[in-house]
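Asker: take this sequence and fold it.
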Amino acid sequence: MATYEEVKALCESTRTKLKEAIAKMEVFLNENSLKTLNTEEDPAMDEFYRGYLQDTRHLLVFSEVAYEKLGNTLRRPQFNQDFAERTLYEVYHNCITNFFYPKNECYSEDGRYAYTGQDAIRFRKKPNRVVRNLTVEMSKVFEELREELAYYESDYMMQKRMKGERI
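Answerer: This next block holds a predicted model:
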């Protein structure tokens with residue numbers, strides 16, 4: 001079980017990483033549309049980019065909500081460790097999971113490349129450079145978050161269930 005200081009530090013670093021991810025997604029979404037991404041007017045690529053944009057918008061919303069919750073957690077006069085840990089659990093399951101398992105499956109993570117230094121993201125269709133760059137940049141941020149918050153994937157919930165607490 002993590003100490004008060006460890007949980008607070010994890011909230012701060014998670015919030016910083018989410019802020020970075022949010023900034024990247026906002027720039028991308030503000031500068032790109034279906035028309036600017038699919039310059040070839042290929043119907044298959046139109047579907048691909050439509051799904052990619054939808055997944056990115058959802059991820060942005062999840063990330064912004066988590067960012068705000070972490071901010072509220074850190075600004076409280078009395079740091080509430082239970083609330084902070086619940087929020088970190090939500091970051092794992094809402095943000096990290098939605099990045100690595102997007103609904104429209106425009107890309108996926110190939111675990112064989114995860115530890116080779118190569119990009120572990122594999123696209124269903126070959127995207128333009130802007131989409132590829134954003135996804136690779138985001139994968140680095142969310143990979144760091146996943147490593148830092150791995151405890152909240154399963155151990156946190158197991159601990160709560162063993163205590164008989166509602167989830």
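Asker: buried residues, the longest helix belonging to the chain. List them.
Answerer: Assignment by DSSP state H gives helix 43-75 as the longest helix of the chain. For helix 43-75, the neighbour count (16 or more other CB atoms under 10 Å) marks 45, 48-49, 51-53, 55-56, 59-60, 62-67, 69-70, 73 as buried. For glycine as for every other residue, the C-beta is placed from the backbone atoms N, C-alpha and C.
Asker: what angle do the helix or strand following it and helix 43-75 make?
Answerer: Remark: after helix 43-75, the chain's next helix or strand is helix 81-90, criterion DSSP states H and E. Using axes from the mean of the first three to the mean of the last three CA atoms, to 10 degrees, the inter-axis angle of helix 81-90 relative to helix 43-75 is 170 degrees.
Asker: which other helices and strands contact the helix or strand following helix 81-90?
Answerer: Counting by DSSP H and E, the element after helix 81-90 in chain order, helix or strand, is helix 97-100. In terms of contacts (3 or more CB pairs under 8 Å, 6 or more residues apart in numbering; DSSP states H and E), helix 97-100 is packed against helix 43-75, helix 129-148.
Asker: buried residues in the very next helix or strand once past helix 97-100?
Answerer: For helix 97-100, the following helix or strand on the C-terminal side (DSSP H and E) is strand 107-109. Neighbour counts over strand 107-109 (16+ other CB under 10 Å) mark Y107, E109 as buried.
Asker: do stretch 26-45 as well
Answerer: By neighbour count with 16+ other CB under 10 Å, stretch 26-45 contains the buried residues F28, N32, L37, N38, M45.
Asker: so where is this structure shaky, pLDDT-wise?
Answerer: The chain contains residues with pLDDT under 70 at 1, 111-118, 153-167.
Asker: same thing but at 50, please
Answerer: Counting by pLDDT under 50, the chain contains no low-confidence residues.
Asker: related to what we said a few turns ago, helices and strands around the longest helix of the chain, which ones?
Answerer: Looks like helix 43-75 contacts helix 4-31, helix 34-37, helix 81-90, helix 97-100, helix 129-148 (3+ CB pairs under 8 Å, 6+ apart).
Asker: could you redo the last one with a cut-off of 7 Å?
Answerer: Using 3 or more CB pairs under 7 Å, 6 or more residues apart in numbering; DSSP states H and E, the elements in contact with helix 43-75 are helix 4-31, helix 34-37, helix 81-90, helix 97-100.
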